[in-house]
Each structure stands twice: as structure tokens, then as C-alpha cells.
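1. here's a sequence, model it:
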Amino acid sequence: MPRSFAVVLLSLCLFTVTFAVNLQAPLYSAYTAESAMGATAVTVAFAAYVAGLMPTLMLLGGLSDKIGRRIPIIIALILGGIGTLALVVAPGWVSLVVARFVLGVGTGLATTAGTAYMAEIMGERQVKRAALFVTSATTLGFGGGALLTGISLSLQGLTFFPSSFALLFAAVPVLVILALRLPRCDKPKAVSLLRLPVFPSRTWPYGAAMGVAWSATGMTIAVVPLELQVHGLGNWTGLVIFLAIFVGFLCQPLARRLSNPTALGLGFFLVPAGYVALLAGSWSQSILLVLVGAAVTSAASYGFSYLAALSEFSVRAPENRARATAGLFVYAYVGFSIPVIASGILADRYGLLQAMGFFGSALLISTLIVVWAWLRPFPR
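-> Numbering: from 1, shown residues only. As a prediction, the model looks like this:
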């Protein structure tokens, strides 16, 4: 298989796996309507995603080193289809929790194996370019699923089998068959199946930046749509989630031209700035400010911070790239999940807007602490 075709095919596989992750997001309120748990119902679904993803990252991040890169990616594609099928067969909160767990496992398998695989296909001299392909494919996937479901619902009306789901079901078997033809350019190692993540030396600022940035994205995806629903703006959910991710994709070519420290510093500035706009929009019921805030945080979360961090982790661990990617995503998903879960609990007690305000304060403090520690000179 020509290298260029292999790169495109692997990118499509990574796109499809992440496409399934937020595919159901515009239907959250419909799935949780039967539950009496309020905002906590959505955050429990987020917790289920992390419950599937974190053990995969922690224990199976290096699985592809043992069994090859293709098998984890194929498994991830199948899991994406199974999780989505569960929501069609038995739509509801319980199915949402099950689906999110399965999708978490798939995401963990695909991102670790896919990052290492892309670098192997493209060659060691193009590690940063390979990271760009991975971030671009996954960013478009995370954002595209929610947007396409939102468009489908606007055309079809409320349904638990929107056209976006049908598209995924059609794509998965085709990609599984094609993925079997991907080149075997990796060399499986005689290592344990269970392998812990690797955290390369001096990469913690990049991991912390991912955690801070993705915490804002998690709030945008999980909590902000609930606030929009309260004010009758629920039909904007798909676009908000799409912008919260897609603008980062648009920023990635610029991020690639910057040094990793420069891109990291820009990300640190953009995250709190964007969240302030998003919070102001939620408070004033201004959808324009919400969209602007989602876009600005996206520039950091999936643009400058994401590419800089993935590139830095990949460069500093050439012999353990899959496990280093797992280490990076441990940072990212701790930030992505814990604030959302805490905010859901606070929202049921104090209100959605108040919970978003609490998170905004924590976000600003966390950003300042990480930047201070990053810029602090090492003792001689």
C-alpha cells in the first residue's frame, strides 16, 4: 500500500473512532429525560466514558507494542459501532452510560496506537507532521459527530436514529476491512500485554496544559448544552460543540509553525479568555458570546496546546511513543472529566450558572499556578 494512501486511511480510522465519541451529544437531554438525576445524569455518563478510557490508557496504552498497531485500531472502530448501536436499540440513560464506557475504551486504544503508527508510517524525520495528522483527524472527529447529529436532528426532528448514526454504521465495516490492509511497518515487541503509561522528562507543563485546556472543553460539551436547553437554545448545541473543537483544527497549521513552548504559552492565555466569554454569554443568554467563547477555548484545547503537547511527548519518547501518548491523555482526561463531574453535582445543588462560575474561578487559579511553575527557573 502506498504510504500516502496509508496515511489517509489511518487518518480516516482515527476520525471515525473519535466521530463516534460525541455523535450522541445533542441527544443528551433526551436520553436523560427519564432520569431524576438532573445535571448529574449527564456527568455520570461522562464519568462512564472516563471509566472506560482511563484504565485503557493506564494498563493498555502500550498494547499495540505487543500485538501490532492495526488490531487496536480495528477493535476501536468496532467498539464505536457497538456503542452507537446500543443507543439505537435501547435509547435511554442506561444505554448512554454503557455506550460512553465502550467509546472510552475505543478512544484509548485508537489514540495510543494511532499516534505511534502514524509516526512509523511517515518516518522519524516527520514526527511533528505525523502529530499534526493525528490531531487534525481526531479533532475533526470529536467535533464532526456532534455537528452532524445536530444537523440531522434539525432536518429529521427528534429521533433516536438520526442520519449521522446511519453514516457511522456504513463507514465502520468498510474501514475495518481496509484497515486490515494497512502496512505492517511496526515491529511487535516481546513485552507484557499490560504496560503503564510513560511520562517523558520535562513534559509535565504540556500535560498540565492539556488538562487545563480540556477541562474547559469538557464543560462546553457537557454542562453548557444544559444551560442552553434551559433558555430554549438547545438547537445550538451541535454548533457549539463543533466550534469548541473545530476551530482548534483550523489553528493547527499555525501551531505547527510555532515552537512548542510558544504554542503552549498561547494556549495558556486563550483558555481562560475564551471561558470568560462563554460564561458571559451563558449569563446574558447571548448565543453569539457562547459561540465566540467556545471558539476561543477550542483554539487552545485542540489547536495550540494539543499539537504542542502531542508533538513534545512524541519527540521525547521515540522508543515508547504509544505509552507516552497514553501518558499525555491521562493528563488530558483527568482535566476533561473531574471538573465536569464536580460541576454537575454543584449544578444540581446551586444551579448551572453558579457551577459554571465556580469552575471559571478554579480554571483561572489552575492556569496561573501551572504558568508560574512552568516559568519558574530550575535551581542550579
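
2. poorly predicted segments of the stretch 151-300 of the chain, please.
-> 186-193 (pLDDT under 70).

3. quick one: the helices in it?
-> For the stretch 151-300 of the chain, the helices defined by DSSP state H, counting those that start in this stretch occupy 163-179, 204-222, 224-230, 237-257, 260-284, 287-299.

4. go through the fifth one and flag the buried ones.
-> When you say that, I think you mean helix 260-284. 260, 263-268, 270-272, 274-279, 281-282 (16 or more other C-beta atoms under 10 Å). Any C-beta I mention is one placed from the backbone N, CA and C, and that applies to glycine too.

5. same question for the second one.
-> Using 16+ other C-beta under 10 Å as the test for burial, helix 204-222 gives 205-222.

6. do the fourth one as well
-> When burial is assessed from 16+ other C-beta under 10 Å, helix 237-257 yields the following buried residues: 237-249, 251-252, 255-256.

7. for the most centrally placed residue in the chain, give me its contacts.
-> Residue closest to the average C-alpha location in the chain (C-alpha atoms, centre = their mean): F142, at 6.0 Å. When contacts are counted by C-beta atoms under 8 Å, 6 or more residues apart in numbering, F142 touches T18, F19, V21, N22, I245, Y302.

8. what about 6 Å?
-> Counting by C-beta atoms under 6 Å, 6 or more residues apart in numbering, F142 touches T18, V21, N22, I245.

9. before we move on, what about F359?
-> Counting by C-beta under 6 Å, 6+ apart, F359 has contacts M219, P339, S343.

10. report the angle between the helix or strand harbouring it and helix 204-222.
-> F359 belongs to helix 352-375 when elements are defined using DSSP states H and E. For helix 352-375 against helix 204-222, the angle by axes from the mean of the first three to the mean of the last three C-alpha atoms, to 10 degrees is 170 degrees.

11. one step back: Serialize the helices of the stretch 151-300 of the chain to a markdown table and add fields for distance to A86.
-> Output for the helices of the stretch 151-300 of the chain, formatted as a markdown table (distance: least, C-beta to C-beta, whole Å):
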| stretch | distance to A86 |
| --- | --- |
| helix 163-179 | 11 |
| helix 204-222 | 19 |
| helix 224-230 | 21 |
| helix 237-257 | 21 |
| helix 260-284 | 31 |
| helix 287-299 | 28 |
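
12. so for F46, which of these sits nearest?
-> Smallest distance to F46 across the helices of the stretch 151-300 of the chain (C-beta to C-beta): 5.4 Å, for helix 204-222.

13. so that closest one versus helix 287-299, what angle?
-> On the basis of the same axes, to 10 degrees, helix 204-222 is oriented at 150 degrees to helix 287-299.

14. which helices and strands does helix 204-222 pack with?
-> helix 237-257, helix 260-284, helix 305-316, helix 321-350, helix 352-375 (3 or more C-beta pairs under 6 Å, 6 or more residues apart in numbering; DSSP states H and E).

15. which other residues reach that helix?
-> With contacts defined as C-beta under 6 Å, 6+ apart, helix 204-222 is touched by 42, 46, 241, 244, 264, 267, 271, 275, 294, 297, 300-301, 305, 309, 312, 328, 331-332, 334-336, 339-340, 359, 366-367, 370, 374.

16. just the buried residues of the contacts of F142.
-> So, by 16+ other C-beta under 10 Å, the buried ones in these are T18, V21, N22, I245.

17. any idea how far R316 is from the third one?
-> So the one you mean is N22. Noted for N22: a distance of 30 Å to R316, by C-beta to C-beta, to the nearest Å.

18. ditto for the first one
-> Counting by C-beta to C-beta, the separation of T18 from R316 is 24 Å.

19. nothing else from me, thank you.
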